[in-house]
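**Student:** got a predicted model here, sequence first, then my questions.
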Amino acid sequence: MSVVIVATIYPKPDQRAEVLAALEQAIARVHAEDAGCELYALHEAGDRLVMIEKWADEAAVAAHGSGAALGQFAAALKGKLTSAPDVVILTPHPAGTDEQGTL
């Protein structure tokens, strides 16, 4: 079963451009290198950046967590955030149609 994750990142206002650049680099690597990545998409909302992720299974999430792309990204964020990223692993609750009721 797929695993959906929402990660919210709060860059310091004067570091937003640097955090976005690091995210863009990480996204390119994850899309190219991380097996089992079904969705890894960046969204913006005011003071925060939100990654919406979908992985093929828990093994893919675990590999991503210990992968080079995420490690390099974490190092690039040092000192650039107002707080630690808020990472939430979601459990699906399908409702409605198959096409619209799940990611």
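**Tutor:** Ah, there it is.
**Student:** need phi/psi at the residue most central in space within the chain.
**Tutor:** Closest residue to the average C-alpha location of the chain: M51 at 3.9 Å, with Cα atoms, centre = their mean. Per-residue torsions, M51: phi -100, psi 130 (degrees, to the nearest 10).
**Student:** can you classify V87 as helix, strand or coil?
**Tutor:** Under DSSP: H, G, I helix; E, B strand; the rest coil, the three-state class of V87 is strand.
**Student:** just use 381 as the starting number from now, easier for me
**Tutor:** With the count now opening at 381, the last piece we talked about shows up as V467.
**Student:** so which residues of this structure form strands?
**Tutor:** 383-389, 417-425, 428-435, 466-470 (DSSP state E).
**Student:** got CSV for these, with distance to A455 and mean pLDDT too?
**Tutor:** The C-beta positions use only the backbone N, C-alpha and C, and glycine is treated the same way. Compiled in CSV, those are given as follows (distance: least, Cβ to Cβ, whole Å; pLDDT from 0 to 100):
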stretch, distance to A455, mean pLDDT
strand 383-389, 14, 97
strand 417-425, 19, 97
strand 428-435, 17, 97
strand 466-470, 17, 96
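**Student:** now tabulate the ones you listed in JSON lines and tack on distance to E479.
**Tutor:** As requested, the strands of the chain are exported to JSON lines (distance: least, Cβ to Cβ, whole Å):
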{"stretch": "strand 383-389", "distance to E479": "16"}
{"stretch": "strand 417-425", "distance to E479": "15"}
{"stretch": "strand 428-435", "distance to E479": "15"}
{"stretch": "strand 466-470", "distance to E479": "18"}
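**Student:** re the thing from before, show me the contacts for the residue nearest to the centre of the chain.
**Tutor:** Shown in contact with M431 (Cβ atoms under 8 Å, 6 or more residues apart in numbering): I385, V386, A387, T388, I389, L403, Y420, A421, L422, H423.
**Student:** only the buried members of those: can you turn that into a ChimeraX selection?
**Tutor:** Filtering these down to the buried ones (16 or more other Cβ atoms under 10 Å) takes a single ChimeraX command:
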select :385,387,389,403,420
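**Student:** K460: which of the contacts of M431 is nearest?
**Tutor:** Top of the list for closeness to K460, among those and by Cβ to Cβ, is I389 at 9.4 Å.
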